[in-house]
Every structure is written in structure tokens, then in C-alpha cells.
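*Asks:* 3D model of this:
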Amino acid sequence: MSHTAVTGQSDAAPRPSFPVDRLVLAPADLDLARSPMAGHFDAETYVLGAFNPGLTRLPNGNLLMMVRIAEALREPIRNGHIHAIRWEAGRYILDAWPLDMVDTADPRKFAILGGGWRVVALTSLSWLLPVEFDPDGLRVEAIHYDRAVAPQYPFQCYGVEDARISHVEGRWLMTSCSVSPERHSTTLYSSTNGLDWTFEDIVLDHQNKDMLIFEGRIDGRYWAQTRPLGSLYFAYPPGSEWKAGPSINLATSPDLLHWKPCREPGIRPHSGTVATARMGGGAPPILTDEGWLSLWHGVEPREIVGVYRTYWSLLDRDDPSRILHTGNVSLLDPAPDLTAPINDQMYVHDVVFTTGVVDAGDHYIVASGEADLACRITHIPKELFRLPR
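*Replies:* Take a look at the predicted model:
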């Protein structure tokens with residue numbers, strides 16, 4: 001099995017620039033009067049972030065972004081407590097935690113102090129909003145509030161997050177993360193038109209995140225990238241080119257519901273770079289002339305959140321565990337120039353999180369979440385993703 005590994009972020013290597021690279025949706029574009037939570041409790045909410053959009057092309061040629069809406073309390077702390085939103089039996093309610101029981105250092109969540117392991121609660125509850133764009137992904141055509149995907153089961157009581165959409169043989173498939181005290185699971189939805197979504201089932205259990213279904217079957221089987229998380233990893237031997245930690249794994253399924261892990265490793269963090277100190281899948285792999293194109297994120301440790309960048313790999317079309325090439329320079333970097341007009345709304349920095357890609361002829365349209373705040377569209381020429389000759 002051949003691998004061309006990530007060799008790190010090179011300061012000497014120029015990062016590519018693209019003809020189209022802009023924010024296309026931000027919190028101010030949304031109307032929370034049409035939120036699934038509207039009218040459920042007596043407290044003001046706001047859009048903490050509209051980001052990490054799943055991306056696909058609809059039958060009419062327009063693009064659909066399934067946008068994660070993180071809806072947060074305007075004043076979460078009052079009367080000596082911090083409050084969290086929770087879904088319960090068809091209603092949204094507020095839970096109050098005494099301030100002396102929590103750590104609020106991370107603006108996205110708060111940690112519950114005490115106990116033998118890490119327990120957190122969220123400062124927002126996420127739901128998924130279908131936003132229809134023109135064929136280039138640059139102009140909003142419609143916001144489909146009536147087709148929002150929101151919690152409907154106890155294992156989703158803290159929200160539904162981070163949609164990834166694949167179009168396989170005429171059917172749209174969407175994975176998402178469902179969050180609850182029971183489990184942090186991967187859930188599958190399907191659609192016959194890309195707009196109306198039907199819940200299928202839990203398909204991966206606790207903290208197996210970033211599940212990306214390949215846009216096409218291989219030898220009759222569905223393939224997916226996954227990313228199981230844990231607090232313990234076993235070391236590679238001294239001098240190994242690999243570094244222990246979260247990696248992008250592979251799994252196959254005959255029916256999309258029952259998944260078997262692949263024996264061979266997928267995309268692993270390389271020992272020569274800190275930019276993949278944490279890594280995970282980005283956009284669902286799509287088939288190109290060179291192989292399966294996989295866009296994924298690598299994280300460089302810095303402060304609380306770290307620096308998220310997008311990288312790319314090409315995988316063998318018949319055996320995706322064979323990595324043909326991985327770019328050693330980031331494809332997309334956080335773009336403070338794009339977020340400058342909404343800088344007053346930012347609560348994290350240095351994050352670009354790619355979540356979708358579609359074919360647009362001579363280029364790809366890539367959708368990303370920028371700074372956990374807004375949706376970013378980038379047009380990337382196909383010629384960039386060529387195997388070295």
C-alpha cells in the first residue's frame with residue numbers, strides 16, 4: 001500500500017488563491033421568529049453561528065446548503081446560574097447550572113466541575129436549516145424554514161449538528177451529529193429531492209464524528225470516512241512517520257445502516273507537522289479522474305480552540321485505503337479579511353471547517369464554515385487536484 005504523507009505546513013510554499021472566495025451567509029441573514037424554538041421559553045435568543053454547511057446540487061440546478069444554526073441565549077448567565085437549552089418531549093426548556101459548578105473558559109460550551117471524567121454542556125442548541133443558493137453558490141434564492149431539521153428524539157436533546165450531504169445514485173444522504181447525555185451519535189437522514197429529509201436511524205455510536213459517505217458505491221458497497229474520538233491513543237514506535245491521535249478511518253456498508261470498520265488505516269496524522277495534531281473529515285469524497293478527492297481538516301494547537309485549516313488527499317478509486325497523494329500545504333486557511341465586517345460577532349478565530357464540495361465543470365464549489373460564525377464559498381480550479389507527474 002502506498003502513501004504520500006502530509007509533510008507539514010511550509011512557510012516557504014505559497015498558498016493558493018482563488019477567483020471566488022467569500023462569505024455568503026451570516027447570522028444577520030436569518031429570522032429567528034421562524035426558528036423551531038420560537039415561543040417555547042421566555043428568554044431572548046440570537047444566532048451564535050450559521051456555519052458548517054452540508055452542500056449538494058438540487059434537481060433544479062441550484063445549490064442547497066444545510067446550514068448549522070447555533071441558537072444561543074442572549075443572557076445565559078443570570079441569578080448566579082448559567083443556562084442551557086434542551087429539547088424534551090416536543091418542547092424546548094432551559095436548565096440552570098450554578099456558576100460555582102462550571103468552567104466557562106470556552107465560549108462554545110461550559111464544563112461541569114467535579115467527577116472522574118470530562119462532562120460539558122452547550123451554550124447553544126443547533127438545528128439544520130436548508131438554504132437554497134443559485135448554481136454558483138453566491139446568491140440566496142430561498143430559505144426553507146419549513147423544512148428545518150431539529151431535535152425529535154431524546155438522543156438529540158442538545159441539538160443536531162454539522163450536516164454532510166452525499167448524492168448517491170439519485171438519492172440524497174445526510175449524516176449529522178446528534179447530541180445528548182445518552183450519547184454523541186451519528187444519525188442518518190435521506191431525501192428523494194434534496195429538500196425534504198426523512199430520519200433513518202443512528203448509524204454510529206458515541207463520538208464517532210465527521211462521517212462522510214462517498215458519492216458512489218465501490219463493488220456494490222457504500223463507503224464512508226469516520227473519525228472516532230477517545231482520550232487514549234497508543235504510541236507509534238520511535239521514528240515512525242505517523243503520530244498517535246484522532247485519524248480519518250474507513251468503513252463499508254451493504255445498506256447504509258450497518259457499518260463495518262475497514263482493516264486498513266485511512267488518513268493519519270503525520271509526525272512531521274503540528275497542523276494535524278487533531279484531524280477529521282471535511283467534505284464527502286467525490287470521484288475525479290485521479291481518484292476519490294477527500295477534503296479534510298487539520299488542527300494546529302493554539303490557545304483554546306486551535307487553528308483549523310483544510311487539506312486534501314486523493315484516494316484510489318477501487319481501494320480508498322490506498323492514499324495516492326496528500327497535499328503538504330493547506331488548501332484553505334482562516335480568512336480574517338472575510339470576517340472583518342462581522343468581527344464584532346466573533347467568539348472564536350482561526351477556524352475554517354470545510355463541509356461540502358460539488359462539481360461545477362472546470363472547478364469545484366467548496367463550502368466551509370468560517371470562524372464557527374458564517375458560511376464561506378470558494379471556487380477552486382480542478383487542475384489544482386492533480387497527481388504529481
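*Asks:* close enough to count as contact, Ala371 and Asn343?
*Replies:* No: judged on C-beta atoms under 8 Å, Ala371 makes no contact with Asn343 at a distance of 9.3 Å. Where you see a C-beta, it was placed from the backbone N, CA and C, and this is true even at glycine.
*Asks:* between those two, which one's more packed in?
*Replies:* Set side by side, Ala371 and Asn343 show more neighbours around Ala371, with 27 against 11, by other C-beta atoms under 10 Å.
*Asks:* what's that one in contact with, if anything?
*Replies:* The contact partners of Ala371, taken as C-beta atoms under 8 Å, 6 or more residues apart in numbering, are Phe51, Pro334, Thr339, Met346, Val348, His349, Asp350, Val351, Val352.
*Asks:* Need the per-residue pLDDT for the third one.
*Replies:* Thr339 is assigned a pLDDT of 97 by the prediction.
*Asks:* helices and strands around the helix or strand containing it, which ones?
*Replies:* Element membership for Thr339 (DSSP states H and E) is helix 336-339. Secondary-structure packing of helix 336-339 (3 or more C-beta pairs under 8 Å, 6 or more residues apart in numbering; DSSP states H and E): strand 20-25, strand 374-381.
*Asks:* how does it look with 10 Å?
*Replies:* Packing partners of helix 336-339 (3 or more C-beta pairs under 10 Å, 6 or more residues apart in numbering; DSSP states H and E): strand 20-25, strand 363-370, strand 374-381.
*Asks:* That one: how far from the chain's middle?
*Replies:* Put simply, helix 336-339 sits 20 Å off its chain's centre (C-alpha atoms, centre = their mean, to the nearest Å).
*Asks:* Sheet partners, orientation included, of the helix or strand that it is followed by?
*Replies:* With elements assigned by DSSP H and E, the helix or strand that comes after helix 336-339 is strand 352-359. Note on strand 352-359: by DSSP bridges, its sheet partners are strand 363-370 (antiparallel).
*Asks:* and the strand it pairs with, how far from the chain's centre?
*Replies:* For strand 363-370, the distance to the chain centre is 12 Å (C-alpha atoms, centre = their mean).
*Asks:* which regions of the chain lie under the pLDDT threshold?
*Replies:* 1-15 (pLDDT under 70).
*Asks:* biggest strand in it by residues?
*Replies:* The residue-count maximum for a strand in the chain (DSSP state E) belongs to strand 45-57.
*Asks:* buried ones in that one?
*Replies:* By neighbour count on 16 or more other C-beta atoms under 10 Å, the buried set for strand 45-57 is Thr45, Val47, Leu48, Gly49, Ala50, Phe51, Asn52, Pro53, Gly54, Leu55, Thr56, Arg57.
*Asks:* that older thread, make CSV from the contacts of Ala371 and add distance to Val358 to it.
*Replies:* Converted to CSV, those look like this (distance: C-beta to C-beta, whole Å):
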residue, distance to Val358
Phe51, 18
Pro334, 22
Thr339, 24
Met346, 28
Val348, 27
His349, 28
Asp350, 26
Val351, 22
Val352, 18
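*Asks:* just those now: which is nearest Asp146?
*Replies:* Phe51 (21.5 Å; C-beta to C-beta).
*Asks:* Identify the residues contacting that closest one.
*Replies:* With contacts defined as C-beta atoms under 10 Å, 6 or more residues apart in numbering, the neighbours of Phe51 are 25-27, 67-70, 126, 162, 351, 353, 355, 368-376.
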